[in-house]
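K.L.:
When you get a sec, could you give me coordinates for this:
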Amino acid sequence: MDTVEALLTRRTVRQFSAEPVSGEDIHMLIKAAMQAPSAGNAQPWHFVILNDRVLLDQIPTFHTSSAFLTHVPVGILVCADDQIAKPGRWPLDCSAAAENMLLAAHASGLGACWVGIEPVAERIAGFRRLLDLPENIHPVCLIALGHPENIPSRVDRYQPARIHLNHW
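P.N.:
Numbers count the residues shown, from 1 in each chain. Modelled structure (predicted):
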């Protein structure tokens, strides 16, 4: 799959088969994430791989829109280290890394869903407690991964009315 096709056909997947995600696939996705651009090339990201069923099942207790995680084979928590990030830039840097991961998952035949954490205080606190995250580490989002139960159809989101040339 070429890059433009991946961009135009990637969809959120929340229903996964029981097939496990291989360690090789997880490694490839994290490598793709680490290729993202970052402010001043700071690369402030850390990734926590979650494949422990007990941990994944606890997330919906503090993240109310994540009930589907109880059927996800693996999640990758994208975190920022504010000790190495450029001031105020880590949400952008980690979002770019997460998008790379979503596109790489789609291109490799995996399904994925971006589960938002930042800036919701209850979600941040929940992940801090659950995973004993240090104070300088900020959970930004969780990428839920698996083999899709079914492939969502393509949606055209192109909106010409939102394009402006040289001025509004």
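K.L.:
longest strand anywhere in this structure?
P.N.:
For the chain, the strand with the greatest residue count under DSSP state E is strand 137-146.
K.L.:
neighbouring strands for that one, and are they parallel or not?
P.N.:
Strand 137-146 sits in its sheet next to strand 74-81 (antiparallel), strand 111-116 (antiparallel), going by DSSP bridges.
K.L.:
Ramachandran angles for the nearest residue to A67 once chain neighbours are set aside?
P.N.:
Beyond its immediate neighbours in the sequence, the residue positioned closest to A67 (CB to CB, 6 or more residues apart in numbering) is P60, lying 4.8 Å away. (Glycine included, C-beta is placed from N, CA and C.) Listed backbone geometry of P60 is phi -60, psi -10, with angles given as degrees, to the nearest 10.
K.L.:
Contacts only, for N100.
P.N.:
With CB atoms under 8 Å, 6 or more residues apart in numbering as the criterion, the residues that contact N100 are A32, A33, Q35, A36.
K.L.:
Hmm, L103 and the last one touching each other?
P.N.:
Right, A36. No. Look at A36 against L103 with CB atoms under 8 Å: they stay out of range, at 10.3 Å.
K.L.:
Select, out of the strands paired with strand 137-146, the one closest to R11.
P.N.:
Closest of those to R11 is strand 111-116, at 8.3 Å (criterion: CB to CB).
K.L.:
next helix or strand past the closest one?
P.N.:
Moving toward the C-terminus from strand 111-116, the next helix or strand (DSSP states H and E) is helix 121-131.
K.L.:
what residue lies at the spatial centre of the chain?
P.N.:
I143 (3.2 Å; CA atoms, centre = their mean).
K.L.:
What separation is there between it and S38?
P.N.:
I143 sits 17 Å away from S38, taking CB to CB, to the nearest Å as the criterion.
K.L.:
before we move on, back to that, go through the strands paired with strand 137-146 and pick out the most buried.
P.N.:
strand 74-81 (a mean of 24; mean count of other CB atoms under 10 Å).
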